[in-house]
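> model this:
(chains A and B)
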Number of protein chains: 2
Amino acid sequence: MDLDLSVGVGDLTARLVDTPSVSGDEATLADAIESVLGSLSHLTAHRDGNAIVARTELGRPQRVVLAGHIDTVPIADNVPSAVRDGVLYGCGSADMKAGVAVQLKLAACVAEPVMDVTYVFYDCEEIVSERNGLGRLSRQRPDWLAGDFAILLEPTGGVVEGGCQGTMRAQIAVRGERAHSARSWLGRNAIHEAGDVLEVLRGYQPRQPEVDALAYREGLNAVGITGGVAGNVIPDECVVAVNFRFAPDMSADEAADHLRDVFGRWDVTIVDAAGGARPGLNHPAAASFVAAVGGTPRAKLGWTDVARFDALGIPAINFGPGDPMQAHTRGEHVPIIDIEACEAKMTAWLSG
Amino acid sequence: MDLDLSVGVGDLTARLVDTPSVSGDEATLADAIESVLGSLSHLTAHRDGNAIVARTELGRPQRVVLAGHIDTVPIADNVPSAVRDGVLYGCGSADMKAGVAVQLKLAACVAEPVMDVTYVFYDCEEIVSERNGLGRLSRQRPDWLAGDFAILLEPTGGVVEGGCQGTMRAQIAVRGERAHSARSWLGRNAIHEAGDVLEVLRGYQPRQPEVDALAYREGLNAVGITGGVAGNVIPDECVVAVNFRFAPDMSADEAADHLRDVFGRWDVTIVDAAGGARPGLNHPAAASFVAAVGGTPRAKLGWTDVARFDALGIPAINFGPGDPMQAHTRGEHVPIIDIEACEAKMTAWLSG
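Below is the predicted model:
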């Protein structure tokens, strides 16, 4: 498969959506990106697994990192893409193939940026934190990620979004006692008792704190449930998988303590955790970018890899085309004009 | 693997427990049963899948069918078997390898019964009705099952149990709306809403009707639950699998209507159904057997294949060693003296 970077950024986004890349299955798209970037003489490209990093080497005093993940959540009858009334529909259109298309256009078209630029395309953002491609690069190839300032092109509706909320997955295990289902009163049904876990979730009142002048909004939700031994057995275990999104004024350790407190009646296992990032807009590089692209910054609700850059000591913000509210929905879409606007603003900023 | 039918019926039961035969995986045990019965000159043995049918052909005016399933529910840290204080512990010990051991002992030791005898050993009783080995024989080999009266050696504590309750499996599907879990308020969480299904189950008041002078007791329980798309997605579907056990005064059609009524707010799919059987103790053959083995008949709560014999027009009752309350429990067990008592009563009855 070949990518043609001379087409418009909307057409390029459609081409990316039509190349499925569900987490763990990004090789076809990664091959295409590696191939097309490797053909550009003003870039040096490297690959690690299904992540590709391409850099200009112009000796500029500052280096900016533009990063995006190439994977998507599972397809939900929303591939191939479709365009209606100037809006592109399809799995990953907003989260975040539109941003990846902008990265690719900038890489191809801005051969002599005023700052050196590192373009990072990575895999497995939509699944367990351990497999995250940017995390892997930060452990194994931190030199590839070096820079003074990073921008993640996750969808922000073209507005600068500061920081991000943390995310934690945990399993709540409810125990019961097996019995033959024809004599259910001799057992204790773990699935029935899991109704209490669901009641806790439904009654949970999430915080909406303000952190460094930006307003965050937390959430605690079941994202999975499994239980059952056989069709004629009262089950002795039911496990509810929950996802907790917490504001950046709370650490991952504090979040774990909070979950153990909320679900104190049951066994709680923390599956994975990624702390948030404070807004960080007081950093000079962030402030200059905000001044260049305009608008009023707001809080980032979804966890993004700004937290990974933050951990590496690189200030980072979120800025990309598409409405973040569309991410992971069946009807996911992005207006093509928004992708073009993002491309134009960033081209102007990089061209000086 | 060889079965030695000269050992005592308790040792034989232990040997059967130590030969795992979880539903769908009965070939090893079926091979052993086929081999040992095929070696007995007073029997004619046939095999169909993992079911074995062996018959005496003595030209007696009456024929009795003795039937038992050789499969078990999944093992739960309860194999191999163990004997403590004269009690045999292990998966399937009560349900129903003790009964199968009695069948095998009778087949080997009562070479000239006063009635012709058909011994039926079959597979896949513990899973979906469609795969039931006795059901398969009744459709494909009804001539193998012909007889005047049938006894199922399911555990009844050595008491004659009349009839059986029906069983129905259904799936209750709860729909929601997907969203990114960082912005959960934009979606509708199907797992959270499934809490309402669990509330219905927990609040359900089962009937305890009397049918033909025997007392039944119904039950409606979740036996499985699944939901979840990915760790960061508000799920748009959660499916609760329920098992309804209904008294024999209710038909399978009436049971389905009842479930659709109870779960009227959601999509209800009937997965499988097997109607019950009325007690049937007024049949002369049943009455004579009851008189021979003694005791006061009671209602059978678990569904058993008496319903299949009933559908073939063959009166059938349940009579076997072991406490039915033990079936499908981790601590499943059977007193060896009970297996021996069952063997002795049935040997005496068949010997005339």
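> residues contacting the closest residue in space to A:Val229 that isn't next to it in sequence?
Ranked by C-beta to C-beta, 6 or more residues apart in numbering or on different chains and with sequence neighbours excluded, the top spatial neighbour of A:Val229 is A:Pro235, at 5.0 Å. For glycine as for every other residue, the C-beta is placed from the backbone atoms N, C-alpha and C. Contacts for A:Pro235 (C-beta atoms under 8 Å, 6 or more residues apart in numbering or on different chains) come out as A:176, A:178, A:189-191, A:227-229, B:222-224.
> Please list the members of those residues that lie in helices.
A:190-191 (DSSP state H).
> Neighbour count for the contacts of A:Pro235 - can I get that in TSV?
Output for the contacts of A:Pro235, formatted as TSV (neighbours: other C-beta atoms under 10 Å in any protein chain shown):
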residue	neighbour count
A:Gly176	19
A:Arg178	24
A:Asn189	26
A:Ala190	24
A:Ile191	29
A:Gly227	26
A:Gly228	19
A:Val229	19
B:Ala222	28
B:Val223	22
B:Gly224	21
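> could I get the contacts of A:Pro235 as JSON lines with pLDDT and distance to B:Gly295?
What follows is the contacts of A:Pro235, written out as JSON lines (pLDDT from 0 to 100; distance: C-beta to C-beta, whole Å):
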{"residue": "A:Gly176", "pLDDT": "97", "distance to B:Gly295": "34"}
{"residue": "A:Arg178", "pLDDT": "95", "distance to B:Gly295": "29"}
{"residue": "A:Asn189", "pLDDT": "98", "distance to B:Gly295": "32"}
{"residue": "A:Ala190", "pLDDT": "98", "distance to B:Gly295": "36"}
{"residue": "A:Ile191", "pLDDT": "98", "distance to B:Gly295": "37"}
{"residue": "A:Gly227", "pLDDT": "98", "distance to B:Gly295": "39"}
{"residue": "A:Gly228", "pLDDT": "96", "distance to B:Gly295": "36"}
{"residue": "A:Val229", "pLDDT": "93", "distance to B:Gly295": "33"}
{"residue": "B:Ala222", "pLDDT": "98", "distance to B:Gly295": "35"}
{"residue": "B:Val223", "pLDDT": "98", "distance to B:Gly295": "32"}
{"residue": "B:Gly224", "pLDDT": "98", "distance to B:Gly295": "37"}
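> And the pLDDT at the residue nearest to A:Val229?
For A:Pro235, the pLDDT comes out at 97.
> got the contact list for the closest residue in space to A:His69 that isn't next to it in sequence?
In space, not counting the residues next to it along the chain, A:His69 is nearest to A:Glu125; the distance is 3.4 Å by C-beta to C-beta, 6+ apart. For A:Glu125, the contact set (C-beta under 8 Å, 6+ apart) comprises A:23, A:69, A:71, A:132-134, A:305.
> and the residue lying closest to A:Phe149 once chain neighbours are set aside, what does it touch?
Take A:Phe149 and drop its neighbours on the chain: the residue closest to it by C-beta to C-beta, 6+ apart is A:Ala285, 3.6 Å away. The contact partners of A:Ala285, by C-beta under 8 Å, 6+ apart, come to A:62, A:64, A:148-149, A:315.
> tell me the SS of A:Ala285?
Following DSSP: H, G, I helix; E, B strand; the rest coil, A:Ala285 is assigned to helix.
> again, but for A:Ser138
Put simply, A:Ser138 is helix when judged by three-state DSSP.
> That one is in contact with A:Arg308, isn't it?
Yes: look at A:Ser138 against A:Arg308 with C-beta atoms under 8 Å: they come within range, at 5.6 Å.
> Give me the more crowded residue out of the two.
Higher neighbour count among A:Ser138 and A:Arg308: A:Arg308, with 22 against 18, using other C-beta atoms under 10 Å in any protein chain shown.
> and that one, that's in a helix?
Yes: per three-state DSSP, A:Arg308 lies within a helix segment.
> dump the residue contacts of it.
A:132, A:134-135, A:138.
> and of those residues, the nearest to B:Thr44?
Ranked by distance to B:Thr44 (C-beta to C-beta), the contacts of A:Arg308 are led by A:Asn132 at 66.4 Å.
> so what's A:Glu340 up against?
Contacts for A:Glu340 (C-beta under 8 Å, 6+ apart) come out as A:8-10.
> A:Pro324 too?
A:94-95, A:154-157, A:161, A:301-302, B:180, B:183.
> ok, so of those residues, who is nearest B:Asn243?
For those, the nearest to B:Asn243 is B:His180 (35.3 Å; C-beta to C-beta).
> right, and that closest one touches A:His328 too?
Yes: counting by C-beta under 8 Å, B:His180 touches A:His328, with 4.2 Å between them.
> Give me the more crowded residue out of these two.
A:His328 (30 against 26).
> In the sheet, which residues pair with A:Val65? Tell me.
A:Thr118, A:Ala150 (DSSP bridges).
> Around it, count how many other residues there are.
Neighbours around A:Val65, by other C-beta under 10 Å: 24.
> what does stretch A:102-115 rub up against?
A:3, A:5-6, A:9, A:12, A:33, A:36-37, A:40, A:42-43, A:54, A:56, A:58, A:60, A:62-64, A:66, A:68, A:117, A:119, A:121, A:153, A:320-321, A:339, A:342-343, A:346-347, A:350-352.
> Which of those residues are buried, as a ChimeraX select command?
Entered in ChimeraX, the line below selects the buried ones among the contacts of stretch A:102-115, by 16 or more other C-beta atoms under 10 Å in any protein chain shown:
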select /A:3,5,9,12,33,36,37,43,54,56,63,64,66,68,117,119,121,153,320,321,339,342,343,346,350
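> so of the contacts of stretch A:102-115, which ones are in helices?
Those of the contacts of stretch A:102-115 lying in helices (DSSP H): A:9, A:12, A:33, A:36-37, A:339, A:342-343, A:346-347, A:350-351.
> quick one: which two of the residues you listed are the most distant?
Of all pairs in the ones in helices among the contacts of stretch A:102-115, the most separated under C-beta to C-beta is A:Ile33 and A:Ser351 at 22.8 Å.
> Nearest to A:Pro335 among the contacts of A:Ala285?
A:Val64 (25.8 Å).
> quick one: the closest one and A:Phe309, what's the gap?
Using C-beta to C-beta, to the nearest Å, we find A:Val64 at a distance of 11 Å from A:Phe309.
> ditto for A:Arg330
Where A:Phe309 is concerned, A:Arg330 sits at a distance of 31 Å (C-beta to C-beta).
> quick one, which of these two is more surrounded?
Comparing A:Arg330 with A:Phe309 by neighbour count (other C-beta under 10 Å), the higher total belongs to A:Phe309, at 25 against 14.
> Phi, psi for the residue nearest to that one when sequence neighbours are not counted please.
With sequence-adjacent residues excluded and distances taken as C-beta to C-beta, 6+ apart, A:Phe309 is closest to A:Ala316, at 3.7 Å. Main-chain torsions, A:Ala316, degrees, to the nearest 10: phi -150, psi 150.
> show me the residues around the closest residue to A:Asp25 other than its chain neighbours that make contact.
Spatial nearest neighbour of A:Asp25, excluding adjacent residues (C-beta to C-beta, 6+ apart): A:Asp71 at 8.0 Å. Going by C-beta under 8 Å, 6+ apart, A:Asp71 touches A:21-26, A:123-127.
> who touches both of A:Val64 and A:Phe309?
By C-beta under 8 Å, 6+ apart, the residues touching both A:Val64 and A:Phe309 are A:Ala150.
> Quickly list what's touching both of B:His180 and A:His328.
Common neighbours of B:His180 and A:His328 (C-beta under 8 Å, 6+ apart) are A:95, B:232-233.
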